[in-house]
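Participant: The amino acid sequence is not available; the structure is as follows:
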């Protein structure tokens, strides 16, 4: 599994009923999952992380759509992207759509309104979708419900107040290891990839080695280059997010191509520290230029 997106989509494709439960706030009395619309059925132009699930809801076929986001989207903004996805899905499948965006990063999605609007006289548009932020979801409730598709995400969820982050990670691993799933190493590998958004990879692997017998096979599913790509992507996103939030300017997004050209993880870490300290975007640009010399 090469990315956070791939790990997220894998769980949604393998355990679609758990994501449908999340969409409907765990009320599933009149809902039956019919199929996952896979990339081999590319009727709607959506990027890799999107998942479409066809369900029967109160005797009517509808679609449940999930968009997985590690960080905020600015170009275009998430509300515009979601509006496009929703309208294209409705146009293509002629079915109602229950659309959701699931933010993985701890600080992502805080400003997502869950709605696209256009306010013009006689031309008003309003398209709504549901916003989920993992950092605000009660992780213990997910563990207690034994929802296999959501358990790999639990290290990123809100943990009980009476335990610390390391204890919480261990509890998530123990629960994941107790699940009856077809491919346990791959399943735990998804937890490693997703957990790497906030935990060090080696910390997760060491803990898995202590709690299970699955560590060697997991390495086959979570190759070192995969961690590294994830770490670099996360570092770049954190830099941009820090600049936008601290300096209150969207102009920081103009630096994205320059940051994407940087392949040294240590340099990216240094730039993140700079992003947390500078007072102006010009100061950060200077630090960026100094590093490139």
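Facilitator: Everything's here; your move. Treat the numbers as computed from the prediction; the structure is a model and nothing was measured. Residues are numbered from 1 along each chain as shown.

Participant: Show the low-confidence segments of the stretch 101-250 of the chain, by residue range.
Facilitator: Along the stretch 101-250 of the chain, segments meeting pLDDT under 70 span 214-216, 219-220, 222-230.

Participant: what about 50?
Facilitator: Nowhere does the stretch 101-250 of the chain drop to pLDDT under 50.

Participant: where along it do the helices fall?
Facilitator: Along the stretch 101-250 of the chain, counting by DSSP state H, counting those that start in this stretch, helices occupy 139-145, 165-178, 184-195, 201-211, 215-221, 224-247.

Participant: Which one of those lies nearest to residue 52?
Facilitator: Residue 52 lies closest to helix 184-195 among the helices of the stretch 101-250 of the chain, at 19.9 Å (C-beta to C-beta). No exception for glycine: its C-beta is placed from N, CA and C like everyone else's.

Participant: so the closest one versus helix 224-247, what angle?
Facilitator: Helix 184-195 runs at 20 degrees relative to helix 224-247, counting by axes from the mean of the first three to the mean of the last three C-alpha atoms, to 10 degrees.

Participant: other SSEs contacting helix 184-195?
Facilitator: Applying 3 or more C-beta pairs under 8 Å, 6 or more residues apart in numbering; DSSP states H and E, one finds that helix 184-195 makes contact with helix 4-14, helix 165-178, helix 201-211, helix 215-221, helix 224-247.

Participant: got the angle for that helix vs helix 165-178?
Facilitator: Using the same axes, to 10 degrees: helix 184-195 against helix 165-178 is 150 degrees.

Participant: What are the buried residues along helix 184-195?
Facilitator: For helix 184-195, the neighbour count (16 or more other C-beta atoms under 10 Å) marks 184, 185, 186, 187, 188, 189, 190, 191, 192, 193, 194, 195 as buried.

Participant: residues in contact with stretch 142-158?
Facilitator: Stretch 142-158 is touched from outside by 7-8, 11-12, 14-19, 21-22, 26, 104, 106, 134-139, 168-169, 171-172, 175-176, 179, 181, 187, 190-191, 194-195, 197-199, 204, with contacts defined as C-beta atoms under 8 Å, 6 or more residues apart in numbering.

Participant: Dihedrals phi and psi, the residue lying closest to residue 231 once chain neighbours are set aside?
Facilitator: Leaving aside its sequence neighbours, residue 231 sits nearest to residue 265 (C-beta to C-beta, 6 or more residues apart in numbering; 5.8 Å). Dihedral pair for residue 265: phi -60, psi -40, per degrees, to the nearest 10.

Participant: Could you double-check that residue 265 sits in contact with residue 232?
Facilitator: Yes - between residue 265 and residue 232 there is a contact at 5.7 Å, judged by C-beta atoms under 8 Å.

Participant: The two: which has the busier surroundings?
Facilitator: Taking other C-beta atoms under 10 Å, residue 265 and residue 232 do not tie; residue 232 has more neighbours (17 against 12).

Participant: Spit out the contact partners of the more buried one.
Facilitator: By C-beta under 8 Å, 6+ apart, the residues touching residue 232 are 263, 265, 268.

Participant: State the helix or strand in which the last one lies.
Facilitator: By that I understand residue 268. Using DSSP states H and E, residue 268 falls within helix 265-275.
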